[in-house]
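Peer 1: just the structure for this:
(chains A and B)
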Amino acid sequence: MSEITSKIDRRSFLQKICYLFSFFGLCIAAGVYLLFAFPSRIREKQDLYVYACDEAELPVQGVRQYHVDYPLGGKTVTKKFFIVKTGKKLLVFSSVCTHLGCLINWQRTENRFMCPCHGGQYDIQGNVVAGPPPAPLNRLPLKIERQKVYIGLRV
Amino acid sequence: MRKFFEWLDGNFGIKKPHRRFLYRSISEGVNYFFCLGGIAFTLFIMLFASGLMLAIYYVPSENEAFASILRINNEVRFGWFIRSFHKWSANLFIVAIILHTIRVFFYKAYRHPRELNWIAGSLILILAFISGFTGYLLPWDQKAYWATEVGTSMARTVPLLGPFLCDFLRGGEDITGATLVRFYAIHVLYIPLFMCLLLWAHFHLVKQQGVKGGL
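Peer 2: Predicted structure coming up:
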């Protein structure tokens, strides 16, 4: 064993290993910190009007369900909402339950919007009639231009 | 790099007075249980770092606190990780301190001439408990609220001063946004400040008196 002559002794080898690991540890910590501290949303939310359907396709009376696709953060997101026509009034409701954010459905037989999660119920005007929701359904703005219907979303 | 540190130390002169401490021979009978204090200190550093990070996003207000916790968990990159990191380090911090205390107790290291260091250590343990208690309210959810309701009600049982103490802790008769801000200030300003002072005293005394080895 005594023939082996290394240029580096045990102590400084261990020291170098320690420096190396500390350096990598610091780099990882710094990376996590920068990713954490850098804002994930930089621009403010804006109104985005997306095309929903043609004016002729709107419900004459009652509720109709729609899906729209819109871009969000480089991905395409599908959003479900309802257009309600009662009398002369035309309303757009978000399908997100105001209780804990489940997606509600329109039950024609009950004449109610029903949430499958905790039994929240809304009438055709979007008001809470039963269950835990703290607020009526969110109304979305609607715009009709050249016989085309656009829904306003905050993205 | 080495040159830079040498230049830095040439001005600060921090290496020389610590050389004797860092290269001293350790007393006999020292084993791995003597690492518990160091583990607790490491956890403190981890808590400090992750706490600094969480403070960027946390909002200590009645209406915003819980929403900001959700934001940290769901929207901020690594937010869930940093919050869990802070929480787990906090739990383990208390565990490590208690194990360290037990070690010191059984090795009779609290006796003269180290009695002042035992006092400093006890104060650190109490501060760690206060930190845990105040930090528990900050998520501002049901569990936090009722835990604080119970905890501050205990102060009411103190003879004579009880009711005043309870009102003082809560910043009013009930737990409100005032309590939240109060606890937040204690958690992020008062405790780290006093903790750093006490830790300095704790380590200074260890340096002064050396480690007591053997049973």
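Peer 1: for residue B:169, see how far away residue B:69 is.
Peer 2: 22 Å (Cβ to Cβ, to the nearest Å). Every C-beta, even on glycine, is put in place using the N, C-alpha and C of the backbone.
Peer 1: what do you get for residue B:58?
Peer 2: Applying Cβ to Cβ to residue B:58 and residue B:169 gives a distance of 21 Å.
Peer 1: ok, now residue B:120?
Peer 2: Computed as Cβ to Cβ, the residue B:120 to residue B:169 distance reads 25 Å.
Peer 1: could you name the helices and strands sitting against the helix or strand containing residue A:27?
Peer 2: Using DSSP states H and E, residue A:27 sits within helix A:10-37. Here helix A:10-37 touches helix B:36-57, helix B:79-106, going by 3 or more Cβ pairs under 8 Å, 6 or more residues apart in numbering or on different chains; DSSP states H and E.
Peer 1: 7 Å instead?
Peer 2: When contacts are defined as 3 or more Cβ pairs under 7 Å, 6 or more residues apart in numbering or on different chains; DSSP states H and E, helix A:10-37 packs onto helix B:36-57.
Peer 1: list the contacts of the following helix or strand past the helix it packs on.
Peer 2: Note on helix B:36-57: by DSSP H and E, the next helix or strand toward the C-terminus is helix B:65-74. Taking contacts as Cβ atoms under 7 Å, 6 or more residues apart in numbering or on different chains, the residues outside helix B:65-74 that touch it are B:54, B:57, B:58, B:59, B:79, B:80, B:83, B:138, B:139, B:140, B:141, B:180.
Peer 1: which residues touch the second one?
Peer 2: Listed by Cβ under 7 Å, 6+ apart, the contact set of residue B:57 reads B:68, B:71, B:72, B:76, B:79.
Peer 1: then residue A:78?
Peer 2: Neighbouring residues of residue A:78 by Cβ under 7 Å, 6+ apart: A:67, A:69.
Peer 1: ok, now residue B:90?
Peer 2: Here residue B:90 is in contact with B:47, B:132, B:135 (criterion: Cβ under 7 Å, 6+ apart).
Peer 1: would you turn the contacts of residue B:57 into JSON lines with pLDDT and neighbour count?
Peer 2: Output for these, formatted as JSON lines (pLDDT from 0 to 100; neighbours: other Cβ atoms under 10 Å in any protein chain shown):
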{"residue": "B:68", "pLDDT": "94", "neighbour count": "19"}
{"residue": "B:71", "pLDDT": "92", "neighbour count": "17"}
{"residue": "B:72", "pLDDT": "94", "neighbour count": "22"}
{"residue": "B:76", "pLDDT": "91", "neighbour count": "24"}
{"residue": "B:79", "pLDDT": "94", "neighbour count": "21"}
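Peer 1: the residue nearest in space to the middle of chain B: what's it in contact with?
Peer 2: Taking Cα atoms, centre = their mean, the centroid of chain B lies closest to residue B:128, which sits 4.4 Å from it. Taking Cβ under 7 Å, 6+ apart as the criterion, residue B:128 is in contact with B:93, B:94, B:97.
Peer 1: out of these, which is most surrounded?
Peer 2: residue B:97 (24 neighbours; other Cβ atoms under 10 Å in any protein chain shown).
Peer 1: beta-bridge partners for residue A:66, please?
Peer 2: residue A:81 (DSSP bridges).
Peer 1: you'd agree residue B:94 is up against residue B:133?
Peer 2: No. Using Cβ atoms under 7 Å, residue B:94 is not in contact with residue B:133; the gap is 10.8 Å.
Peer 1: which two in the contacts of helix B:65-74 are spaced the farthest apart?
Peer 2: B:80 and B:180 (22.1 Å; Cβ to Cβ).
Peer 1: higher neighbour count, the two?
Peer 2: Taking other Cβ under 10 Å, residue B:80 and residue B:180 do not tie; residue B:180 has more neighbours (22 against 13).
Peer 1: quick one, phi/psi of the more buried one?
Peer 2: phi -60, psi -50 (degrees, to the nearest 10).
Peer 1: need the pLDDT of residue A:1.
Peer 2: At residue A:1, the model reports a pLDDT of 52.
Peer 1: so, low pLDDT: which residues of chain A?
Peer 2: Scanning chain A for pLDDT under 70 picks out the ranges A:1-6.
Peer 1: strands of that one, start to end?
Peer 2: Using DSSP state E, the strands of chain A run over A:47-54, A:62-72, A:75-86, A:89-94, A:105-107, A:112-114, A:121-122, A:128-130, A:142-145, A:148-154.
Peer 1: direction included, what does the last one pair against?
Peer 2: Taking DSSP bridges as the criterion, strand A:148-154 forms sheet pairs with strand A:47-54 (antiparallel), strand A:142-145 (antiparallel).
Peer 1: so it versus strand A:62-72, what angle?
Peer 2: If you take axes from the mean of the first three to the mean of the last three Cα atoms, to 10 degrees, strand A:148-154 sits at 60 degrees to strand A:62-72.
Peer 1: who touches strand A:148-154?
Peer 2: Contact with strand A:148-154 is made by A:45, A:47-55, A:58, A:68, A:70, A:79, A:81, A:92, A:140-143, as judged by Cβ under 7 Å, 6+ apart.
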